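Student: this is a predicted model, with the sequence first.
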Amino acid sequence: MTAKSIKDLKPNDKVISCKWVERGLCEQIWGLTCCVHGTLTSPTLVTVDEIKSGKVDYDLIVKRKQELFEGINGLNDMDIGGCKGCANLYETEFGKVDFDSIGGLALPCIFDIQHYTACNERCTYCCYVKRNQLVPPQYDILKIFDLFKEKGKLLKGAHIDFSGGEPSILKDFDKILTYFMDNEMGDVAVYSNASIYSQTFCDLLKGGNISLTTSLDTGLKSTYKKVRGADLFEQVIENLIKYRNSGTDKLFLKYVITEDNRTDDDMWSFIFAMLAFRPNLVMISPDFPYGDLEIPEETVKFAAKLWYNIEKYLGNVAHDFTWAMGDPKFVKYHKDLAEEIRLLKEKNPICECTRLKPYVYPVCCPQQTKATLAQKLKRIPAIISLKLSEWF
Ligand code: SF4
Ligand code: SF4
């Protein structure tokens, strides 16, 4: 490439870009970044001090993205941090690259809300707990989105990760969710420990654009207390039942594997809990509080065993929470996990006969006689499916 800056590039010049640099905007406690992928993140575009100074506008954010793009393409000598060697870089023509808008792509963490880290739990795997860095909101994230909205550059249909910290403790939790909905910004993944119940959130869950991801990490109260540093297991179970009862089809329960919950007792208690909750996805993730640690072999084997049993008893609901993480150690983990699962299936093939079917009240049940006509009609598909399963 002969260009010396972005201004010299022609539309058909081959360049290296990244969808997160083009469209991402992540609100972190230290400022704004293009992405956050576990242990790997882009350099900071705008610092929290710059935001607090009130001098950050639309043009500055776009300019900083262009500078990062130049750095990735060797057009300046900036430190591109996590972007160096990231698996999410791709080759394209310069004419297809656009830094003017944000959102519009349903990619993990294209928007990632983590402008605070305060939480009512103390998980052993939480990097903020490890660093003793649990802080309140550092700035108003909606004002940042407004910079793009006012220019007509806040695109619809992105994917928003809203975590922290514990989002339900934020004073403007409802307001933030409502902003996302009103502006049709896309699907919102709320990562909450579910220890604090929110009726507004429960109502929004029914709408279908919002999901709840809760790390349960075990089905045992004692392990929960040990791993999560808070004796909140009973509250969490109660609230999860209420959220399940909202009728959402986006209840995702997660298992973060640490050295404290890699036991068979934890795994089987969790599987029984999943058979009761019937989450729409079971997300499996290794513990990654420190970017410099390798993923232990025991964790890979446990993840594979958990995945295998979830698939065996619940169906195809297991999901690799880290699939988009471009850090080479996660690329290796994805490969090793797939191979371990393949070996388990080869040894003991999974049969449909071990999948638990939805429970249906028997016709003689007294509750059935009290059911309204609408309730009875609602049960017909499940009854037909149960009867057919007896024949085939
Ligand atoms: S770290 Fe990877 S995904 Fe993030 S902005 Fe850089 S190249 Fe893109
Ligand atoms: S619930 Fe989340 S934010 Fe809170 S301590 Fe655990 S990992 Fe950290």
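Tutor: Perfect, thanks for sending it. Treat the numbers as computed from the prediction; the structure is a model and nothing was measured. Ligands and ions are numbered 1, 2, ... in the order given.
Student: domain parsing for the protein?
Tutor: The record's domain parsing of the chain by automatic domain parsing lists 1-191, 208-356, 365-391.
Student: can you redo the ones you listed as JSON lines with mean pLDDT?
Tutor: Formatted as JSON lines, the domains of the chain follow (pLDDT from 0 to 100):
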{"stretch": "domain 1-191", "mean pLDDT": "94"}
{"stretch": "domain 208-356", "mean pLDDT": "93"}
{"stretch": "domain 365-391", "mean pLDDT": "59"}
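Student: any idea how far residue 330 is from residue 294?
Tutor: Distance of residue 294 to residue 330, given as Cβ to Cβ, to the nearest Å: 11 Å. Every C-beta, even on glycine, is put in place using the N, C-alpha and C of the backbone.
Student: ok, the two, which is more surrounded?
Tutor: More neighbours surround residue 330 than the other of residue 294 and residue 330, with 24 against 10 (other Cβ atoms under 10 Å).
Student: not counting sequence-adjacent ones, nearest residue to that one?
Tutor: Setting aside the residues directly before and after it, residue 330 is nearest to residue 322 in space (Cβ to Cβ, 6 or more residues apart in numbering), at 5.1 Å.
Student: over to residue 151?
Tutor: Nearest non-adjacent residue to residue 151, counting by Cβ to Cβ, 6+ apart: residue 58, 5.4 Å away.
Student: nearest to ligand 1, of the domains of the chain?
Tutor: Between ligand 1 and the domains of the chain, the shortest gap by Cβ to the nearest ligand atom is with domain 1-191, which sits at 3.1 Å.
Student: wait, does the closest one contact ligand 1?
Tutor: Yes: for domain 1-191, a contact with ligand 1 is found by Cβ under 6 Å from any ligand atom, at 18, 20-21, 34-35, 37, 40, 42, 82-83, 86, 88-89.
Student: show me what contacts the residue nearest to residue 151?
Tutor: Neighbouring residues of residue 58 by Cβ atoms under 8 Å, 6 or more residues apart in numbering: 147, 148, 150, 151, 153.
Student: turn those into JSON lines, including distance to ligand 2, neighbour count and secondary structure.
Tutor: Output for the contacts of residue 58, formatted as JSON lines (distance: Cβ to the nearest ligand atom, whole Å; neighbours: other Cβ atoms under 10 Å; DSSP: H, G, I helix; E, B strand; the rest coil):
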{"residue": "147", "distance to ligand 2": "27", "neighbour count": "19", "secondary structure": "helix"}
{"residue": "148", "distance to ligand 2": "27", "neighbour count": "19", "secondary structure": "helix"}
{"residue": "150", "distance to ligand 2": "32", "neighbour count": "11", "secondary structure": "coil"}
{"residue": "151", "distance to ligand 2": "33", "neighbour count": "14", "secondary structure": "coil"}
{"residue": "153", "distance to ligand 2": "31", "neighbour count": "17", "secondary structure": "coil"}
